[in-house]
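Q: Here's a sequence, model it:
(2 chains)
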Amino acid sequence: MTQIPDCESIVSAYLQEQTGKRIVGTTPSDHALPWVRVTLLGAPNEANSPVEHLIAFMLQLDCYAGSEPAEAQAEANDLARSVRAALADMKGSHGGAVVSGVRFSGMIRLPDTAMEPARERYILTAHVWMHP
Amino acid sequence: MIFKPNPAVVLELEVEPPFDVMLKGRAEDAKREAEAVAPVHTGYYHQRFLLTKAGKRYRVGNSDFAAHLVEWGSVRNPPYAPLRRGVQAAGLHLVEDPKP
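A: Numbering: from 1, shown residues only, chains lettered A, B, ... in the order given. Sure, this is the predicted structure:
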């Protein structure tokens, strides 16, 4: 029985190694330092590929600044661009899977108003093609 | 007889009525798919999907004041991304152009 790769884990481990930043699946309890939250939005089979082989994962990466407000926008922006650059270079073998392509459909600045004061945040939507 | 390509062919096709009908149909597909995957709690968000014409394009959105939280999430809730997922489910190529 073939299982599709655990894209969130593989991408998180890769970004941790490449950026040295906090890469998490849920919001951390400590908001002092910047962090990146990785969320899987979809994992459809790629058309023209055998079922459950090549998966077109769609991920959202929330890149949050730390709690120091002075340079928060620049900090979040730098973090998002570092993550984007690292992901763009991800083609190859990682964690028992093969990444055959990475594309970005969007990158927006959307401060998180659920925090007081609003925390600077950039959101990336990434598409990662991966197979076992 | 020489074939001369028309450099304005795309612009000419875009103003043809059948093109507009096709574009609207694809936008309706995306809206329907977004509605299908949208979370339902009170039903307020689910009932507020919009399809509007913007120049030559069609725009699918949601008028709920908290729609940005449903689409993008926050520290307190994960992103549900119904619009992005709806576009993909409709078989369209996703390029984000959110309204500021």
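Q: Please make it C-alpha for all contacts and neighbour counts, starting now.
A: Will do.
Q: Kindly state the pLDDT recorded for the nearest residue to B:Asp29 once chain neighbours are set aside?
A: Spatially, and ignoring its direct neighbours in sequence, B:Asp29 is nearest to B:Ala90 (5.7 Å; CA to CA, 6 or more residues apart in numbering or on different chains). For B:Ala90, the model assigns a pLDDT of 92.
Q: Report the separation between B:Ala90 and B:Asn6.
A: 31 Å (CA to CA, to the nearest Å).
Q: Who has more neighbours out of those two?
A: Taking other CA atoms under 10 Å in any protein chain shown, B:Ala90 and B:Asn6 do not tie; B:Ala90 has more neighbours (17 against 8).
Q: Check chain B for its longest helix and report it.
A: helix B:17-37 (DSSP state H).
Q: got the buried residues for that one?
A: By neighbour count with 16 or more other CA atoms under 10 Å in any protein chain shown, helix B:17-37 contains the buried residues B:20, B:23-24, B:26-35, B:37.
Q: So which of those residues is the closest to chain A?
A: B:Val37 (11.3 Å; CA to the nearest CA).
Q: just how off-centre is the lengthiest helix in chain A within its chain?
A: For chain A, the helix with the greatest residue count under DSSP H is helix A:72-88. Taking the mean of its C-alpha atoms, helix A:72-88 sits 11 Å from the chain's own mean (CA atoms, centre = their mean, to the nearest Å).
Q: What of stretch A:44-55?
A: 21 Å.
Q: rewinding a little: neighbouring contacts of the helix or strand following the longest helix of chain A?
A: Later in the chain than helix A:72-88, the nearest helix or strand by DSSP states H and E is strand A:92-94. Strand A:92-94 is contacted from outside by A:10, A:14, A:98-100, using CA atoms under 8 Å, 6 or more residues apart in numbering or on different chains.
Q: Would you mark the buried spots in strand A:92-94?
A: Per 16+ other CA under 10 Å, strand A:92-94 contains these buried residues: A:His94.
Q: now the following helix or strand past it: mean pLDDT?
A: Downstream of strand A:92-94, the first helix or strand assigned by DSSP H and E is strand A:97-109. Strand A:97-109 carries an average pLDDT of 95.
Q: what about strand A:97-109, near chain B?
A: Yes - looking at strand A:97-109 against chain B by CA under 8 Å from any CA of the partner chain, the contacts come from A:105-106.
Q: low-confidence ranges in chain B?
A: B:98-100 (pLDDT under 70).
Q: Strands of that one, start to end?
A: Counting by DSSP state E, chain B has strands at residues B:49-54, B:57-62.
Q: And those: which comes nearest chain A?
A: The nearest among those, by CA to the nearest CA, is strand B:57-62 at 16.2 Å.
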